[in-house]
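Participant: Predicted model and sequence follow; I will ask about them next.
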Amino acid sequence: MNKTLSKSYVYFALHGDDFEPNEVTKELGIEPTDSWKKGDKGQYIANQKYACWKWSTEKGKEAIFIDNLVDEVVEKLRDKVEIINKLKDKYQLSSVLEIVMYIDVNPEVSTPALGHNLKTIEFLYQTQTVTDVDIYRYDSAETEE
């Protein structure tokens with residue numbers, strides 16, 4: 001049973017109609033793992049419909065304790081609450097903590113656990129950030145040799 005088959009990850013993103021992601025990078029002092037401007041060519045669409053700045057954990061780093069990935073994101077941004085709020089106000093941005101969970105349906109493997117500690121809840125509240133959870137299934141038993 002190979003836990004590296006899971007591709008679960010978590011990211012924090014700032015979305016807006018039209019802003020310069022490089023300005024967000026400069027203000028936060030954090031290099032994004034991905035960013036784009038409105039109109040840029042998208043991976044799945046011809047032109048991006050909005051601008052985005054995103055910082056993500058590594059994919060497949062954790063299969064069971066998804067909270068560890070959430071904690072990694074919150075710790076990265078926790079001391080940036082004031083800057084995040086200033087950016088959200090200045091550029092009319094929304095923020096999301098996106099949890100992308102891959103659940104192994106193989107009965108021999110544990111399923112992931114997810115819950116937010118008070119540090120995470122405080123960060124989400126202070127930055128008025130919503131959470132979104134995408135869940136995908138896979139069966140590691142089908143891919144084992």
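Facilitator: Here it is on my side, so go on.
Participant: Show the low-confidence segments of the protein, by residue range.
Facilitator: 1-5, 143-145 (pLDDT under 70).
Participant: Try it again at 80.
Facilitator: Scanning the chain for pLDDT under 80 picks out 1-6, 42-46, 142-145.
Participant: the helices in it, which residues?
Facilitator: 21-28, 66-77, 81-91, 118-126, 140-143 (DSSP state H).
Participant: by how many degrees do the first one and helix 81-91 diverge?
Facilitator: Between the axes of helix 21-28 and helix 81-91, defined by axes from the mean of the first three to the mean of the last three Cα atoms, to 10 degrees, the angle is 150 degrees.
Participant: can you count the residues close to P107?
Facilitator: 8 (other Cβ atoms under 10 Å). Using the backbone N, CA and C atoms, a C-beta is placed for each residue, glycine as well.
Participant: and if you look at S56?
Facilitator: 18.
Participant: Give me the nearest residue to it, chain neighbours excluded.
Facilitator: Y11 (3.6 Å; Cβ to Cβ, 6 or more residues apart in numbering).
Participant: quick one: that neighbour and W55 touch, right?
Facilitator: Yes: counting by Cβ atoms under 8 Å, Y11 touches W55, with 6.2 Å between them.
Participant: now for the longest strand that the chain contains, which elements pack on it?
Facilitator: Taking DSSP state E as the criterion, the chain has its longest strand at strand 94-104. Here strand 94-104 touches strand 9-16, helix 66-77, helix 81-91, strand 130-138, going by 3 or more Cβ pairs under 8 Å, 6 or more residues apart in numbering; DSSP states H and E.
Participant: residues contacting W36?
Facilitator: With Cβ atoms under 8 Å, 6 or more residues apart in numbering as the criterion, the residues that contact W36 are P21, G42, Q48, A51, C52.
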